[in-house]
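1. Requesting a structural model of the entry that follows:
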Amino acid sequence: MQLSVCHYSYHRTWEKEGWGCQKLADETKAAGAVAIDFHVGFLDDLSAAKEEIESALAATGLKLSGLSLSNDFNSDDPAEFKKQVDAVKDGIHLAAAVNAPNSRIFGGHIEGGGDHAAREQGRQRILDGLGEVVRDAEKLGVTLALENHGGLPCLADDQVEVIKTINSPNLKATIDIGNYMQCGQEGHEAVAIAARHAAYIHLKDFKKKPGWQAGQPCFGKIDPCTVGQGDVDVAACVEELRKISYQGFMALEYEGPDDERRGVKESLDFMYTILRPEEVG
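-> As a prediction, the model looks like this:
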């Protein structure tokens with residue numbers, strides 16, 4: 001369970017200070033991670049991204065834990081739906097070119113969880129989108145890792161159901177241990193359900209706000225924070241991963257309000273107190 005840092009962990013600093021891939025890799029290594037996850041949304045020129053990523057990895061000795069894509073297949077506009085599908089396909093080609101062990105993708109957004117009819121319509125759009133992009137992933141040998149994010153899927157049961165429905169060896173799960181809280185599900189309970197489908201783990205933490213209720217959509221009722229300072233039982237999540245002998249990367253996705261350099265470093269330091277020496281190499 002080697003520790004990585006997601007590009008998004010530094011997204012404010014990336015934009016404010018005008019970072020590139022090399023600077024991101026330098027900061028990631030300095031924070032104590034052994035791997036990095038680049039996000040295509042922050043790469044202006046995908047045609048040049050392969051060289052930039054490989055150069056940054058070579059200069060720092062960091063491993064590539066994944067390549068993050070951001071998409072929303074829940075659109076009733078055919079042109080926008082196609083745009084989302086095409087963007088994911090472009091990302092899949094880059095993931096193959098840089099030999100990313102997985103490529104994080106989303107399903108779709110539904111505000112507040114949505115009513116039954118909206119969820120069913122959204123679910124079908126998501127299945128249609130995933131069905132299109134997974135064919136490219138299969139051809140190129142890329143593992144797509146569907147994250148619990150944005151409403152569909154959010155619960156671990158939804159995540160597993162979508163993966164089983166698509167039924168492709170190239171579609172697995174990104175388990176974000178914090179995001180389950182958006183749907184009123186405790187992280188460790190969700191990990192126990194979805195762990196057997198995991199290709200990737202995101203480390204994140206939230207503090208519950210008044211009004212958070214188990215079993216209910218809780219978007220807006222949680223605040224992001226440094227890992228180890230919130231209400232996610234991180235140790236219990238790790239224990240569930242041990243039960244299935246998970247050996248992949250655990251990538252920090254820091255979203256807290258503090259200085260990102262500090263938040264990333266403190267989050268990684270906390271994880272090193274949770275993980276066993278033999279697990280982090």
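2. List phi and psi for Glu51.
-> Main-chain dihedrals, Glu51, degrees, to the nearest 10: phi -60, psi -40.
3. Kindly provide the distance from it to Lys29.
-> 19 Å (C-beta to C-beta, to the nearest Å). Backbone N, C-alpha and C define where each C-beta goes, glycine included.
4. Could you do Ser9 as well?
-> 13 Å.
5. And the two? Which one has more around it.
-> Ser9 (32 against 18; other C-beta atoms under 10 Å).
6. Leaving aside the residues adjacent along the chain, what's closest to the more buried one?
-> Tyr254 (3.9 Å; C-beta to C-beta, 6 or more residues apart in numbering).
7. How many residues are close by the one you found?
-> 28.
8. who touches it in this structure?
-> By C-beta atoms under 8 Å, 6 or more residues apart in numbering, Tyr254 lies in contact with 5-6, 8-10, 204, 224, 226-227, 260, 263-264, 267.
9. so it, which of the three states?
-> Here Tyr254 is recorded as coil under DSSP: H, G, I helix; E, B strand; the rest coil.
10. Would you mind giving both backbone torsions of it?
-> The phi/psi pair for Tyr254 (degrees, to the nearest 10) is phi -70, psi 130.
11. Between the contacts of Tyr254, identify the one with the most neighbours.
-> Ser9 (32 neighbours).
12. Just list the residues touching that one, thanks.
-> Ser9 neighbours (C-beta under 8 Å, 6+ apart): Leu252, Glu253, Tyr254, Glu255, Glu260, Gly263, Val264.
13. Out of those, which comes closest to Trp14?
-> Glu260 (8.8 Å; C-beta to C-beta).
14. What's the separation between the closest one and Ile274?
-> Distance from Glu260 to Ile274, by C-beta to C-beta: 21 Å.
15. do Ile244 as well
-> Distance of Ile244 to Ile274, computed by C-beta to C-beta: 17 Å.
16. the more surrounded of the two?
-> Per other C-beta under 10 Å, whichever of Ile244 and Ile274 has more neighbours is Ile274, with 18 against 13.
17. for this protein, which helix is longest?
-> Across the chain, the helix with the greatest residue count (assigned by DSSP state H) is helix 116-140.
18. circling back: now tabulate the contacts of Ser9 in JSON lines and tack on pLDDT.
-> Putting those into JSON lines (pLDDT from 0 to 100) gives the following:
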{"residue": "Leu252", "pLDDT": "98"}
{"residue": "Glu253", "pLDDT": "98"}
{"residue": "Tyr254", "pLDDT": "98"}
{"residue": "Glu255", "pLDDT": "97"}
{"residue": "Glu260", "pLDDT": "98"}
{"residue": "Gly263", "pLDDT": "98"}
{"residue": "Val264", "pLDDT": "98"}
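19. between these, which is nearest Lys16?
-> Using C-beta to C-beta, the contacts of Ser9 come closest to Lys16 at Glu260, 9.5 Å.
20. so how far is Thr226 from that closest one?
-> Distance from Glu260 to Thr226, by C-beta to C-beta: 11 Å.
21. what stretches of this protein score poorly on pLDDT?
-> 111-114, 281 (pLDDT under 70).
22. Walking through it, point out its helices one by one.
-> According to DSSP H, the helices that the chain contains are 11-17, 21-31, 46-60, 78-97, 116-140, 156-166, 187-194, 234-243, 260-274, 277-280.
23. For the nearest residue to Ser103 once chain neighbours are set aside, give me its contacts.
-> Closest residue to Ser103 apart from its sequence neighbours, by C-beta to C-beta, 6+ apart: Ala95 at 4.1 Å. Neighbouring residues of Ala95 by C-beta under 8 Å, 6+ apart: Leu67, Asn102, Ser103, Leu140, Val142.
24. For the second one, give me phi and psi.
-> It refers to Asn102. According to degrees, to the nearest 10, Asn102 has phi -160, psi 170.
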